[in-house]
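[1] Whatever this is, show me its structure:
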Amino acid sequence: MGSLDVIAVGAGLTLLAFGLRVLVHAGASPSGVDTWYYLASADFLRRARRFPIRLPRYLLQDPAESYAPGFPLLLALLPARFVRTSFWLIAPAIDAAHLLFLYVLVYRLTEDLPTAALAGAIYALVPQLIAETRSLNPRTLGSLLASIAVVLILRFTLPETDAASLRLGATPLVVGALAVAATAALLLTQSPTGGVALGIATLTLSLVYGDPRYVAFTVAGVVAAFVLTGGFYRRVIENHLHAVRFWQRNIAYRDADQVLDSPVYREPDDADRPRRGRRWRSIRWQFARLIGENPFVIPMILTPPPSAEWWGGRMYWWAIAVLAWAVLTTAVPRLRVFGPGYIYLKSSVFPTAFSLAIAVGPRGLTFPIDIAIALAALLSVAAIGFFVVYMRTRATERTSSAPPELARITAVVAGLPRDGVLVLPNVYADYVCYHSGKSTLWGGHSGDLRRFEQFAPVLRKPVEDLVAEHGIAYVLLDLSYVTVGRLRLDEHVREIARDGAFALYELVVASGADAGARSRVATSTT
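    Residues are numbered from 1 along each chain as shown. Down below sits the predicted model:
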């Protein structure tokens, strides 16, 4: 097969992956849970040109951010108009580039187009990657940086005779420096899950192959992250520890309903209603989600480790190590504070696709691996279809698109004279904060989360007290999620606007803390 065939197949797979990742936005107004927080962070960097980022409109977190700064910095370097209007293309484009990197690597190592095409097709069809790219967040970029870092580490440890035969070029010193830089970039870009997954992978490789250099690169990356940020990375680590302690205190409420599971607002009738928090406590449901997020886990588990292939063996143990960690964080309650197991799967997709393609390609394994891969592909297509339909038909808490009614009523909020808004469900809080310019009873992105804990993951304090304490003037509710009656606010608000299921209320009596809260925001801004 000629070079044109290789280019055509690679381009086709890249376009397939990109199309699947933007499909959820077709005919809708793209949004996302994290999108507006990162756009606000990028806006600050463009204006102030300094760290730390300060977002004082988030009333339930520290005004000075201590989240990993890499992704907001990247957004700030891109043209502002493009980012604000086409943000929904960024994550799919990064993930499509990740697929292309995998495809080129497999073809470069095997010189076999069907094997490279299979690796790319597997990557393109993983449902979790399609779900991840519906929102603008650093996880997609972090996964790409992790793959680059591990491939560079593997190239550094590759025997020189093999490197020469494969014509990989580059001196070990240059490759090692690039590997450290990529590791540091990952740590400064993604949430702790990316760094944890990289540490698990490199530690496993060191143990399996008796070579401490693998895990040493992770340590070197941590040191480089401290040096490159002048010590700011210490605050990033502290921020991760705040998140771990938060979930240690609240793990029973992971995936809970903010109102129905609230000790303040729970009612006797709620005992008969299905509660989302129960799903988290169901190991069976969590493992079902684990497989649903990436059905290719099944053939990966069935695939035996390669006996002689240098690259194939190390990719295999990289994939298995992360998958094992995903299983442990699903099955072991104490480990769930590091995040649900399924969120680690994205870090295993690259080596999983590589390993499965190698297994049925040059190694020639057939039954049951080939059948398992085919069944996983069918399950993936079904899961993608379910996800797209579910996102389009969901009545409330839409996490991929902004309802038109929300956009219109947020414009009303922006024109109101007073400051401070509470938004429920909270998946819309970032959107309202960004587009209205109002201080919002939300946070959780950064710093000490004890103030945030009063509000989420469940309401531990009456809303009446929260709005008074933080000087909130307006309440915006999706009535298909919760009503003012359920929040016991009937006597304290008056409706000033309604659009579809969304209703906007004003607090009848301004709280005594209102002026003080506005003063704090003004002071923080300056």
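
[2] so who does the nearest residue to A319 once chain neighbours are set aside touch?
    Setting aside the residues directly before and after it, A319 is nearest to P351 in space (Cβ to Cβ, 6 or more residues apart in numbering), at 3.8 Å. (Glycine included, C-beta is placed from N, CA and C.) If you count contacts by Cβ atoms under 8 Å, 6 or more residues apart in numbering, P351 has them with 150, 315-316, 318-319, 322.

[3] One more pass at 7 Å, please.
    When contacts are counted by Cβ atoms under 7 Å, 6 or more residues apart in numbering, P351 touches 315, 318-319.

[4] where's it relative to R314, distance?
    Distance, P351 to R314, using Cβ to Cβ, to the nearest Å: 8 Å.

[5] now swap in P114 and tell me
    For P114 relative to R314 (Cβ to Cβ), the value is 22 Å.

[6] same check, this time on L323
    Relative to R314, L323 is positioned 15 Å away (criterion: Cβ to Cβ).

[7] Those two: who's more crowded?
    With neighbours defined as other Cβ atoms under 10 Å, L323 and R314 compare such that R314 has more, 26 against 22.

[8] quick one on the thing from earlier: reformat the contacts of P351 as a markdown table; add distance to T393 and secondary structure.
    Shown next, in a markdown table, are the contacts of P351 (distance: Cβ to Cβ, whole Å; DSSP: H, G, I helix; E, B strand; the rest coil):
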| residue | distance to T393 | secondary structure |
| --- | --- | --- |
| M315 | 39 | helix |
| W318 | 38 | helix |
| A319 | 34 | helix |
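
[9] As TSV, those residues with distance to A80 and neighbour count would be great.
    Output for the contacts of P351, formatted as TSV (distance: Cβ to Cβ, whole Å; neighbours: other Cβ atoms under 10 Å):
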residue	distance to A80	neighbour count
M315	39	27
W318	38	32
A319	39	26
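
[10] Excluding residues flanking it in the chain, which one is nearest R498?
    Spatially, and ignoring its direct neighbours in sequence, R498 is nearest to L504 (7.1 Å; Cβ to Cβ, 6+ apart).

[11] Determine the set of other helices and strands touching the helix or strand containing the one you found.
    Per DSSP states H and E, L504 falls inside strand 502-507. When contacts are defined as 3 or more Cβ pairs under 7 Å, 6 or more residues apart in numbering; DSSP states H and E, strand 502-507 packs onto helix 404-414, strand 474-478, strand 493-499.

[12] on that earlier part again, residues near the residue nearest to R498, how many?
    L504: 20 neighbours (other Cβ under 10 Å).

[13] now do R418
    Residues lying near R418 (other Cβ under 10 Å) number 15.

[14] And the one 10 residues further on, by the same measure?
    Applying other Cβ under 10 Å, we find 28 other residues in the vicinity of Y428.

[15] Show me the shaky parts of this structure.
    The chain contains residues with pLDDT under 70 at 1, 161-170, 269-282, 363, 365-367, 509-526.

[16] rewinding a little: give me the sheet partners of the strand holding L504 and which way each runs.
    Partners of strand 502-507 in the sheet, by DSSP bridges, are strand 474-478 (antiparallel), strand 493-499 (antiparallel).

[17] Residues touching the last one, excluding its own?
    Right, the one you point to is strand 493-499. Identification of contacts with strand 493-499 by Cβ under 7 Å, 6+ apart yields 405, 408-409, 412, 475, 484, 503-508.

[18] Would you check that the residue nearest to R498 makes contact with L476?
    Yes. Using Cβ atoms under 7 Å, L504 is in contact with L476, at 5.2 Å.

[19] Now for these two: what residues contact both?
    Contacts common to L504 and L476, judged by Cβ under 7 Å, 6+ apart, are 409, 413.

[20] I'd say G447 and H242 touch.
    Yes. Using Cβ under 7 Å, G447 makes contact with H242 at a distance of 6.4 Å.

[21] Which one of those two is surrounded by more residues?
    Between G447 and H242, G447 has the larger neighbour count (other Cβ under 10 Å), namely 23 against 18.

[22] E65 versus that one, what's the distance?
    G447 sits 8 Å away from E65, going by Cβ to Cβ.

[23] How many residues are close by L60?
    Neighbour count for L60, taken as other Cβ under 10 Å: 22.

[24] coming back round to it: adding mean neighbour count and distance to S41, write the strands paired with strand 502-507 out as CSV.
    CSV is the format used below for these (neighbours: other Cβ atoms under 10 Å; distance: least, Cβ to Cβ, whole Å):
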stretch, mean neighbour count, distance to S41
strand 474-478, 24, 23
strand 493-499, 15, 29
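
[25] I'd like those written out as a markdown table, with distance to L60 added.
    As requested, the strands paired with strand 502-507 are arranged in a markdown table below (distance: least, Cβ to Cβ, whole Å):
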| stretch | distance to L60 |
| --- | --- |
| strand 474-478 | 16 |
| strand 493-499 | 20 |
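
[26] secondary structure class for L205?
    Here L205 is recorded as helix under DSSP: H, G, I helix; E, B strand; the rest coil.

[27] my guess is it contacts M315, does it?
    No. The pair L205 / M315 is not scored as a contact, 10.1 Å apart, by Cβ under 7 Å.

[28] what's the closest non-adjacent residue to P457?
    Spatial nearest neighbour of P457, chain neighbours left out: Y253 (4.4 Å); criterion: Cβ to Cβ, 6+ apart.

[29] on that earlier part again, what's the angle from the strand holding L504 to helix 404-414?
    Orientation of strand 502-507 against helix 404-414 (axes from the mean of the first three to the mean of the last three Cα atoms, to 10 degrees) gives an angle of 20 degrees.

[30] Look at G27 and say how many residues are nearby.
    G27 has 6 nearby residues by other Cβ under 10 Å.

[31] So it belongs to a helix, correct?
    No. Secondary structure of G27 (three-state DSSP): coil, not part of a helix.

[32] so how far is M391 from it?
    Distance, G27 to M391, by Cβ to Cβ: 12 Å.

[33] ditto for A91
    From A91 across to M391, the span is 15 Å (Cβ to Cβ).

[34] the more surrounded of these two?
    A91 (24 against 18).

[35] Could you chop the protein up by domain?
    Structural domains annotated on the chain: 3-30+66-393, 404-525, as defined by automatic domain parsing.

[36] that older thread, with distance to I7 as new columns, can the helices and strands packed on strand 502-507 be given to me in TSV?
    TSV is the format used below for the helices and strands packed on strand 502-507 (distance: least, Cβ to Cβ, whole Å):
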stretch	distance to I7
helix 404-414	41
strand 474-478	48
strand 493-499	49
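
[37] circling back: distance to I496 added to the contacts of strand 493-499, as JSON lines?
    What follows is these, written out as JSON lines (distance: Cβ to Cβ, whole Å):
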{"residue": "E405", "distance to I496": "15"}
{"residue": "R408", "distance to I496": "14"}
{"residue": "I409", "distance to I496": "10"}
{"residue": "V412", "distance to I496": "8"}
{"residue": "V475", "distance to I496": "10"}
{"residue": "V484", "distance to I496": "12"}
{"residue": "A503", "distance to I496": "9"}
{"residue": "L504", "distance to I496": "6"}
{"residue": "Y505", "distance to I496": "7"}
{"residue": "E506", "distance to I496": "5"}
{"residue": "L507", "distance to I496": "11"}
{"residue": "V508", "distance to I496": "11"}
